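J.: fold the following.
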Amino acid sequence: MNRYIWSMNGRPLSETDKIKISGDEVTRITYNNLTMMHHPMHLHGHFFRVINKNGEYSPLKHTINVPPMQEVTIEFYGNNGDEYGDWFLHCHILYHMNSGMDRIISYDTPRDPRMKEHPVSNLINETDPFFTWSLVDVASHMASFDFVASNIRNQFNVSAEYGWNENLEAEVTYERYLHDNLRIFGGVNVENEMENHVDEISTTAIAGIRFLTPYLFNLDVRIDSKLRPQISLSREILIFPRTAIFGNYEYQADFGWVDELPAGDHFNKESTWSAGVEYYLSRDFSLMGSYDSRFGAGGGLSARF
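T.: A predicted model of the protein is given here:
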């Protein structure tokens, strides 16, 4: 949900084939909703029978709501060729539909010639758009900015943090989703080498994997062009309807494989962490307070757009 990506059987429309059916047979579809949102499923041009405890009195519908963690079965008949060509099956929550939660039901008959100017490829392209969102934090101890542009398989990220003690870090990355929870990424990281010295800037290439673990921890494992491995873990938890707590821990090791270490040192290590609380004033604004091991403690305003 966070990326506005939805699917059926784990596949969005842009990565699937048509569902081939026959007009002289009864077609039965079972919806098994494993998400925490309702999905009103609609089949264009058809009325279908909802298979339930009412037997022969089961209702006829063109849209059926599938509640969270529930299963619903429907069946319909193609009327011996009266229905033909391609028909659209989709969730009627429009941003779910626009994000890939669709299928094309296709009878074994020619496509309606009136649809010649509306090829299926146009429909498929419409279900894989890029969505963008941003976050800006301005607080008494630091400021940060995040920008994300994402479609089903690709994501671009820009992030920056600046502490009033002149700690600076910025990053630009491209991610490729291999699975809903797993992606590989590469990019560039920029940061100052020493606190209070923004003139001494270090730029490195980075590559690694990001994984959304069980219990919704965000895991980032990477290595940079100085061959320094790094691991970070972050999590945000909504503890009340408008209140969330969040935290982040980051650890980096330097074994001296590129830059020489001081005499007698086998490796250098650097760890940073932060924790805080956020109170949501509205969809777009919230108050936040946090402590960061680099920037210290402070509070301020978050804006989402």
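J.: ok, residues contacting the longest strand along the chain?
T.: Taking DSSP state E as the criterion, the chain has its longest strand at strand 197-212. Residues from elsewhere that reach strand 197-212 (C-beta atoms under 8 Å, 6 or more residues apart in numbering): 166, 168, 171, 173, 175, 180-194, 218-226, 230. Glycine gets a C-beta too; all of them are placed from N, C-alpha and C.
J.: which among the residues you listed count as buried?
T.: 168, 171, 173, 175, 183, 185, 187, 189, 191-192, 219-220, 222, 224, 230 (16 or more other C-beta atoms under 10 Å).
J.: so which of those residues belong to helices?
T.: Among the buried ones among the contacts of strand 197-212, no residue falls in helices (DSSP state H).
J.: which two of those residues have the greatest separation?
T.: Farthest-apart pair in these is 183 and 192; separation 28.0 Å (C-beta to C-beta).
J.: hang on, the earlier thing: which ones among the buried ones among the contacts of strand 197-212 map onto strands?
T.: 168, 171, 173, 175, 183, 185, 187, 189, 191-192, 219-220, 222, 224, 230.
J.: low-confidence regions, the stretch 101-250 of the chain specifically.
T.: Applying pLDDT under 70 to the stretch 101-250 of the chain flags residues 194-198.
J.: break the protein down into its domains, please.
T.: Per automatic domain parsing, the domain ranges recorded for the chain read 13-126, 131-304.
J.: just send those back as a markdown table, with distance to residue 6 too.
T.: Formatted as a markdown table, the domains of the chain follow (distance: least, C-beta to C-beta, whole Å):
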| stretch | distance to residue 6 |
| --- | --- |
| domain 13-126 | 4 |
| domain 131-304 | 10 |
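J.: list the buried residues of stretch 231-250.
T.: Buried, per 16+ other C-beta under 10 Å, within stretch 231-250: 232, 233, 244, 246, 247, 248, 250.
J.: oh, I was asking about stretch 294-305
T.: 294, 295, 298, 302.
J.: so residue 297 bridges to which residues?
T.: According to DSSP bridges, the partner residues bridging residue 297 are residue 291.
J.: can you tell me which residues contact it?
T.: 141, 289, 290, 291 are the contacts of residue 297 under C-beta under 8 Å, 6+ apart.
J.: show me which of these are buried.
T.: For the contacts of residue 297, buried by 16+ other C-beta under 10 Å: 141, 289, 290.
J.: now, among those, which is nearest to residue 22?
T.: residue 290 (60.3 Å).
J.: can you pull out the strands in the stretch 51-200 of the chain?
T.: Secondary structure of the stretch 51-200 of the chain by DSSP state E, counting those that start in this stretch: the strands cover 60-61, 63-66, 71-77, 86-91, 102-107, 131-139, 142-150, 154-163, 168-179, 182-194, 197-212.
J.: so what secondary structure elements neighbour the shortest one?
T.: Identification of packing neighbours for strand 60-61 by 3 or more C-beta pairs under 8 Å, 6 or more residues apart in numbering; DSSP states H and E yields strand 48-51.
J.: phi and psi next, for residue 11.
T.: For residue 11, the backbone dihedrals (degrees, to the nearest 10) come out as phi -130, psi 130.
J.: same question, the one 10 residues further on
T.: Comment: the main-chain dihedrals of residue 21 come out as phi -140, psi 170, following degrees, to the nearest 10.
J.: residue 36 too?
T.: Taking degrees, to the nearest 10 as the convention, residue 36 sits at phi -100, psi 20.
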